[in-house]
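**Q** Would you be able to build a 3D model of this:
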Amino acid sequence: MIGEPRPFEQQARPRNDDERILPLINVVFLLLIFFMIAGQLSATDAFRVEPAESRSEGRPEREDILVLVGADGRLAVDDEEIAPEALVGNLRERLEGQDAVRVRLKADARAAATEVVAIMEQLRSAGVERLQLLTVPER
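**A** Residues are numbered from 1 along each chain as shown. Modelled structure (predicted):
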């Protein structure tokens, strides 16, 4: 009975080197899943808009009302797509009873400049006093 294993003794087994890194791999995958779920850092626009480039270095302040102008002439106010003829009425309702509200205009670089200027005039006629045109830095 000298060479036989005893029933309550643990036998020494060779330790595999891969077993040491399994907890690290588990933690990495858990972090990956966490950041994939919680990873939306900014809200998306109602439709894709690529702003024009600008040389100015100004940083935008907190946004109050965001108006999007698509390359095809589509309009959205605060991520809600609207008809172009409803823009003035929609903004008048939003501006009612408020003063010094900032309106940010984010126009696609491919949108016609005359169309963007016409929309800016509509914003002014709706009572917008503070208008900011959003651009991206020149590359």
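**Q** Could I get the average pLDDT for the helix or strand hosting residue 107?
**A** Counting by DSSP states H and E, the element that carries residue 107 is strand 102-107. Confidence for strand 102-107, expressed as mean pLDDT, is 90.
**Q** which residues touch it?
**A** Here strand 102-107 makes contact (CB atoms under 8 Å, 6 or more residues apart in numbering) with 45, 49, 51-52, 60-69, 91, 116, 119-120, 123, 128, 130-134. For the C-beta atoms, the positions are set from N, CA and C on the backbone; glycine is no exception.
**Q** so what strands line up beside the lowest-mean-pLDDT helix or strand in the chain?
**A** Lowest on mean pLDDT, DSSP states H and E among the helices and strands of the chain sits strand 53-54, with a mean of 76. The strands beside strand 53-54 in its sheet (DSSP bridges) come out as strand 136-137 (parallel).
**Q** Report the mean confidence score over the strand it pairs with.
**A** Mean pLDDT, strand 136-137: 81.
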